[in-house]
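Participant: curious how this folds, go ahead:
(chains A and B)
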2 protein chains.
Amino acid sequence: MNFEHHILSVEKALSTWEIPQDSKNLAEPIRYLLSIGGKRIRPVLTLLGHELFEGKAESVLSQALAVEVFHNFTLMHDDIMDNAPLRRGKQTVHEKWNINAAVLSGDGMMIQSYDLLLKNQEDKFVELFRCFNQTAWEVCVGQQMDMDFEKREDVSLDEYLEMIRLKTAVLLGCALKLGAIAAHASAVDQEHLRLFGEHVGLSFQLRDDYLDAYGDPEKFGKQVGGDILSDKKTYLYLHTANHEDESIPAELKALHGTNDNAHAKITSTLHLFSKAKADEVTLAKSEAYYTSALNHLNAIAVPEEKKMALRNLAAYLLERES
Amino acid sequence: MNFEHHILSVEKALSTWEIPQDSKNLAEPIRYLLSIGGKRIRPVLTLLGHELFEGKAESVLSQALAVEVFHNFTLMHDDIMDNAPLRRGKQTVHEKWNINAAVLSGDGMMIQSYDLLLKNQEDKFVELFRCFNQTAWEVCVGQQMDMDFEKREDVSLDEYLEMIRLKTAVLLGCALKLGAIAAHASAVDQEHLRLFGEHVGLSFQLRDDYLDAYGDPEKFGKQVGGDILSDKKTYLYLHTANHEDESIPAELKALHGTNDNAHAKITSTLHLFSKAKADEVTLAKSEAYYTSALNHLNAIAVPEEKKMALRNLAAYLLERES
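Facilitator: So this is what the prediction gives:
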């Protein structure tokens, strides 16, 4: 890893970032959510995206924070919508305070993220803003699709990929692109870098779907089988539900929504996933996005040694040898 | 009135405004809330603020919509927080759909308002953005103060004025200033125009407090006494609650929170308001802001005849002869 110093500078900048103090009750939930951790991958991407083109990381530190604050705003509101009691092992804002606090502090957080986006980058602001704001809308569309899918039985694999692209992957691409814009990178390089981030994000999310079902409980941070128990329509599930041998989807759907025997539900579902080769297909899809991400990184017109940090970060996220 | 044609052009622009159609369920509540009306005062202020300095209204039509869409975003989220079933006589979004839809469509609406702010005004965007974003934060702070006040018994009149300034008045000032910025007005004129709007807003809100208690039921759009029945800490209430003759605050607070006899509660509270001269004081305060607003308008360095439309709009809002 050669990006740890960036994580430290993001943490430091976040902890010294001054939320306007005109309302204690508005600022407290913001401060709380930012303080309970997170890997800080997104802001680090902005710093690395900037350094890739000879920029100095400090000059986009505010833009890096903008991305992290925006990301946490979406978590604050998503947790309301998902009725989630915990986030990173701590109480969510709507649990610790109430829904009104989470709605309003989330709004305030989003507004503050725009302020951070402008800081020290007035000259490039229109470009930065276009990237940021389009992504912000896409993240909302992704969240809406995710909620819509809960009520639908006919979700296709392509729709699922589009949902995770919008809900998760585009922000990684945007984080990198903001760094590139501020470094005056060419439009072609900006786009390669953005797609590198987006495809790393897609690869990561698909691998996360796989690990939720097949991961080593010791290594995987969440409860293995959690997606199955909560009837989440993951890539594994949707592949199996769309299998051509109709008995497989029928058995899968019979298990869906049942909750009397957790262990049996997980075991039976995993059996069907494997029968449909959902495990192999999901890993292969994740792999394909990883390869595509690296191809986009390779295509960027800067010397190979400048790319090492991003290569390492992608490998770290996907637990590969870099 | 010589601004009716502007209301029509705002209505037309709103009805033809294309919300990105990538998610039907995200866009529908936005379209719904914008379609159920509103006086469109804020966007008209942007158009008039622009024309005051020789600008052509069409060139800030998008900025005018930005203000109206932002305003409606705050309504969508405020209605969740206030648990309000109705808005302009129609179901609120969280009632018609659900809280999740109101949270997420509200977020999307805010994002779209920023997009509108940029359109056709790239050159002036940094300035427009600074005004808009600072105001956005202030509106959140105002809403937070309003919620905080519900739980406090020691709210001062100055705190109340600051709350209504932030929650309501600053957006009127910002709407005007956006028009002035785009017309290259001087910083001094921008500030006079902004304060004209802010003070009209304060005057309006205080008069609204008065009318809620003393208005003619036939003319006043809402239920007279509504604020009293819902224990709202209005200017009238706070003036009376802070009266030096301690028996008056004591009697007032005894009525607060009771709900067995609506008619008696209104009558007794009005009696105390009058005894404390809260009616006179509130109207005088509203009048003082109106005078101050006109002074700011007078101070702007453009010919008197250019100011007529704004003078008329202020008179219309406060039901005066212009």
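Participant: now do the contacts for A:Asn242.
Facilitator: A:156-157, A:249 (C-beta atoms under 8 Å, 6 or more residues apart in numbering or on different chains). Every C-beta, even on glycine, is put in place using the N, C-alpha and C of the backbone.
Participant: out of these, who's nearest B:Ser113?
Facilitator: Nearest to B:Ser113 among the contacts of A:Asn242: A:Ser156, at 32.9 Å, using C-beta to C-beta.
Participant: okay, the contacts of A:Asn242 in CSV with distance to A:Val10 and pLDDT next?
Facilitator: Formatted as CSV, these follow (distance: C-beta to C-beta, whole Å; pLDDT from 0 to 100):
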residue, distance to A:Val10, pLDDT
A:Ser156, 37, 96
A:Leu157, 35, 97
A:Pro249, 45, 95
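Participant: other SSEs contacting the strand or helix carrying A:Leu313?
Facilitator: Assigned by DSSP states H and E, A:Leu313 belongs to helix A:308-317. Judged by 3 or more C-beta pairs under 8 Å, 6 or more residues apart in numbering or on different chains; DSSP states H and E, the packing partners of helix A:308-317 are helix A:41-51, helix A:187-214, helix A:278-299.
Participant: burial measure for the residue in the stretch 151-300 of chain A positioned nearest to chain B, as a count.
Facilitator: Here the stretch 151-300 of chain A gets closest to chain B at one residue, A:Leu166, 8.4 Å apart by C-beta to the nearest C-beta. Neighbours of A:Leu166 under the rule other C-beta atoms under 10 Å in any protein chain shown: 23.
Participant: that older thread, would you mind finding the most buried of the helices and strands packed on helix A:308-317?
Facilitator: Across these, the average number of neighbours (mean count of other C-beta atoms under 10 Å in any protein chain shown) peaks for helix A:41-51, which reaches a mean of 27.
Participant: who in chain A is up against chain B?
Facilitator: Residues of chain A found near chain B (C-beta under 8 Å from any C-beta of the partner chain) are A:20, A:22-23, A:25-26, A:77, A:80-81, A:99-100, A:103-104, A:106-108, A:110-112, A:114-115, A:118, A:122, A:125-126, A:129-130, A:133, A:136-138, A:140-141, A:143-145, A:147-148.
Participant: now the buried members of these.
Facilitator: Buried residues within the residues of chain A next to chain B, counting neighbours by 16 or more other C-beta atoms under 10 Å in any protein chain shown: A:22-23, A:26, A:77, A:80-81, A:100, A:103-104, A:106-108, A:110-112, A:114-115, A:118, A:125, A:129, A:133, A:136-138, A:140-141, A:143-145, A:147-148.
Participant: OK, contacts around A:Gly201?
Facilitator: Going by C-beta under 8 Å, 6+ apart, A:Gly201 touches A:164-165, A:168-173.
Participant: nearest to B:His263 among those residues?
Facilitator: Taking C-beta to C-beta as the measure, B:His263 lies nearest A:Leu171 of those, at 55.9 Å.
Participant: OK, contacts around the closest one?
Facilitator: Contact partners of A:Leu171, counting by C-beta under 8 Å, 6+ apart, are A:42, A:67, A:70-71, A:135, A:139, A:201.
Participant: surely it is within a helix?
Facilitator: Yes: applying DSSP: H, G, I helix; E, B strand; the rest coil, one finds A:Leu171 inside a helix.
Participant: circling back: who wins for neighbours among the contacts of A:Leu171?
Facilitator: The most neighbours of any of the contacts of A:Leu171, using other C-beta under 10 Å, belong to A:Val67, which has 30 neighbours.
Participant: quick one, what contacts that residue?
Facilitator: A:Val67 makes contacts with A:42-43, A:45-46, A:113, A:132, A:171, A:174-175, A:178, as judged by C-beta under 8 Å, 6+ apart.
Participant: now, the most widely separated pair of these?
Facilitator: Checking the contacts of A:Val67 with C-beta to C-beta, the most distant pair is A:Leu45 and A:Ser113, at 15.4 Å.
Participant: so A:Ala84 versus A:Val93, what's the distance?
Facilitator: 10 Å (C-beta to C-beta, to the nearest Å).
Participant: between the two, which has more neighbouring residues?
Facilitator: Between A:Ala84 and A:Val93, counted using other C-beta under 10 Å, the more crowded position is A:Val93 (28 against 14).
Participant: I figured that one hits A:Leu26, correct?
Facilitator: No: A:Val93 is not in contact with A:Leu26 according to C-beta atoms under 8 Å; the separation is 11.8 Å.
Participant: now for these two: what residues contact both?
Facilitator: Common neighbours of A:Val93 and A:Leu26 (C-beta under 8 Å, 6+ apart) are A:Ser105.
Participant: got the contact list for A:Met76?
Facilitator: A:29, A:33, A:92-94, A:102, A:105-106, A:109.
Participant: of those residues, select the buried ones using a ChimeraX command.
Facilitator: To isolate the buried subset of the contacts of A:Met76 in ChimeraX, counting by 16+ other C-beta under 10 Å, use the following:
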select /A:29,33,92,93,94,102,105,106,109
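Participant: tell me, how many residues neighbour the nearest residue to A:Leu313 once chain neighbours are set aside?
Facilitator: Counting by C-beta to C-beta, 6 or more residues apart in numbering or on different chains, A:Phe3 is the residue found nearest to A:Leu313 once chain neighbours are left out, at 5.7 Å. If you count neighbours by other C-beta under 10 Å, A:Phe3 ends up with 21.
Participant: same deal with the one 10 residues further on?
Facilitator: Around A:Ala13 there are 17 other residues, counting by other C-beta under 10 Å.
Participant: for A:Asp231, see how far away the residue sitting furthest away from the middle of chain A is.
Facilitator: No residue in chain A sits farther from the centre than A:Ser247, which is 34.4 Å out by C-alpha atoms, centre = their mean. Applying C-beta to C-beta, the value for A:Ser247 to A:Asp231 is 20 Å.
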